[in-house]
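In: How does the following fold in three dimensions:
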Amino acid sequence: MMKNFIVILFLLFAGNNNGYVGKFSYTERSELAWSDFRGRPHSTSHFDASVNTGITYQWSYGKDKGDIELDYQVDSFCYPSLSWVKRGQMSDYLLSHEQLHFDISELHARIMRKRLKEYDAGGNIRRDLNKMYKLVERMRINMQERYDEETEHSKNKEAQEKWQKKVETLMWFYREYE
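Out: Presented below is the predicted three-dimensional model:
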């Protein structure tokens, strides 16, 4: 019961643009600016900046002549008040590293849209879509973590370039699902 309360509380805060957290979607504005990093830096963090991004989805369905018609919306978001940068660390290079985190979230929103488009609605839509979302979210988190590990949180410039090309290619591959 407590878990449900926490989830509902998070949705109340994260789901309202005028609330504490605030957010903007990749569709609204895909390019980050340092002004989007409004949170307080974590004083104990070894990192110079952190962008907070994620994906959400909504769905409903109806029946038309016995066929199930699924309606859905998937978005990727940036949460400025949960994103931060340490004073004196704002550089174009670091911003491009943080931008790729946002791009990775959008990439996974596109992957989710593709999977939803290809989904053949069956007996337990809620369970199926929940399972689908959890898998895509796990993929997103794993990719975010791998990106930071391999680039050493932007310190490894060669790895940063490889990741930039990799994500650009994947975004192009899933361009139909913008």
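In: which residue lies farthest from the center of this structure?
Out: Distance from the C-alpha centroid of the chain peaks at Lys65, with 36.1 Å (Cα atoms, centre = their mean).
In: wait, what's in contact with it?
Out: Residues near Lys65 by Cβ atoms under 8 Å, 6 or more residues apart in numbering: none. All C-beta spots, glycine's among them, are computed from the backbone N, C-alpha and C.
In: shaky segments in the chain?
Out: Low-confidence segments of the chain (pLDDT under 70): 1-21.
In: Mind telling me what element Gln73 is part of?
Out: Element membership of Gln73 [criterion: DSSP states H and E] is strand 67-78.
In: Paired strands for that strand, with orientation please.
Out: Neighbouring strands of strand 67-78 in its sheet, by DSSP bridges, are strand 24-25 (antiparallel), strand 53-64 (antiparallel).
In: Kindly compare burial across these and name the winner.
Out: Highest mean neighbour count of the strands paired with strand 67-78: strand 24-25, a mean of 16 (counted as mean count of other Cβ atoms under 10 Å).
In: Can you give the distance of that strand from its chain's centre?
Out: From the chain centre to the centre of strand 24-25 is a distance of 10 Å (Cα atoms, centre = their mean, to the nearest Å).
In: and if you look at stretch 144-155?
Out: Distance of stretch 144-155 from the chain centroid (Cα atoms, centre = their mean) equals 16 Å.
In: For that stretch, which residues meet the burial criterion?
Out: Within stretch 144-155, the residues that count as buried by 16 or more other Cβ atoms under 10 Å are 144, 147-148, 151, 153-154.
In: Out of those residues, which two sit at the greatest distance?
Out: By the measure Cβ to Cβ, Gln144 and Ser154 form the most distant pair in the buried residues of stretch 144-155, at 13.2 Å.
In: which residues touch stretch 144-163?
Out: By Cβ under 8 Å, 6+ apart, the residues outside stretch 144-163 that reach it are 46-48, 93-94, 96-97, 100-101, 104-105.
In: Quick check: closest non-adjacent residue to Gly122.
Out: Leaving aside its sequence neighbours, Gly122 sits nearest to Asp128 (Cβ to Cβ, 6 or more residues apart in numbering; 6.6 Å).
In: How many residues are close by that neighbour?
Out: As a burial measure, Asp128 scores 14 neighbours (other Cβ atoms under 10 Å).
In: Many thanks, I have nothing further to ask.
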